[in-house]
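Novice: Any chance you can model this:
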Amino acid sequence: MAEDDLIRFLDKVQQLQQLVEILKHEPERRKRLADCNDHNAVVELARQWGFEIGRRWGEQETVSGKEGNLLAQPLPPSGTESERTLISGENWWLHLILSNAFETPQGEWMVQEETEWVLLLRGSAELRLQDPVEQIDLSVGDPVLIESHRPHRVERTDPEPGTLWLALYWRA
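Specialist: Okay, here's the model as predicted:
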């Protein structure tokens with residue numbers, strides 16, 4: 001582990017320990033924390049209380065300044081996502097998807113002709129799939145294979161700095 005990573009890790013542990021001590025003596029804060037339904041809500045509530053516990057382990061706070069760096073792409077407006085083709089062939093294409101607090105509209109499902117393999121590069125997300133029903137919580141590095149014609153939807157993605165996906169699509 002690099003020294004900078006170690007320092008960030010130890011600072012996060014110290015802040016979490018301080019937060020735990022407060023929760024031991026303040027049942028109302030403990031209840032508010034227990035009412036959080038995902039990691040983003042926990043991070044935001046802790047921030048409101050003056051603790052910067054950060055994102056998940058391994059997520060970089062800075063990226064290369066090189067032009068075209070995929071991790072440094074600008075986010076779309078909150079509640080939306082953007083998609084761009086990086087490279088393609090005759091029956092396949094590779095997309096970069098940037099999501100900013102995005103979710104598929106209630107009652108809607110995505111069903112596509114092509115098979116999709118996605119890899120989470122930044123942030124987190126939650127997917128719901130049908131046939132069979134499956135709820136998947138994704139963190140950095142997690143892949144998912146969505147077979148063609150399988151209904152699926154995005155239940156949530158992170159707000160800024162957003163969720164970044166690499167998606168490979170192909171037709172049989």
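Novice: residues contacting the residue positioned nearest the centre of the chain?
Specialist: By Cα atoms, centre = their mean, the chain has its centre lying nearest to residue 124, at 1.8 Å. Neighbouring residues of residue 124 by Cβ atoms under 8 Å, 6 or more residues apart in numbering: 38, 39, 40, 56, 137, 138, 139, 140, 157, 158, 163. To be clear about C-beta, it is placed using only N, CA and C from the backbone, and glycine gets the same treatment.
Novice: One more pass at 10 Å, please.
Specialist: Listed by Cβ atoms under 10 Å, 6 or more residues apart in numbering, the contact partners of residue 124 are 38-40, 55-56, 59, 137-140, 142, 156-158, 163.
Novice: Can you spell out which helices and strands pack onto the lowest-mean-pLDDT helix or strand in the chain?
Specialist: The helix or strand of the chain with the lowest confidence, counting by mean pLDDT, DSSP states H and E, is helix 39-48 at a mean of 80. Counting contacts by 3 or more Cβ pairs under 10 Å, 6 or more residues apart in numbering; DSSP states H and E, helix 39-48 packs against helix 3-25, helix 27-34.
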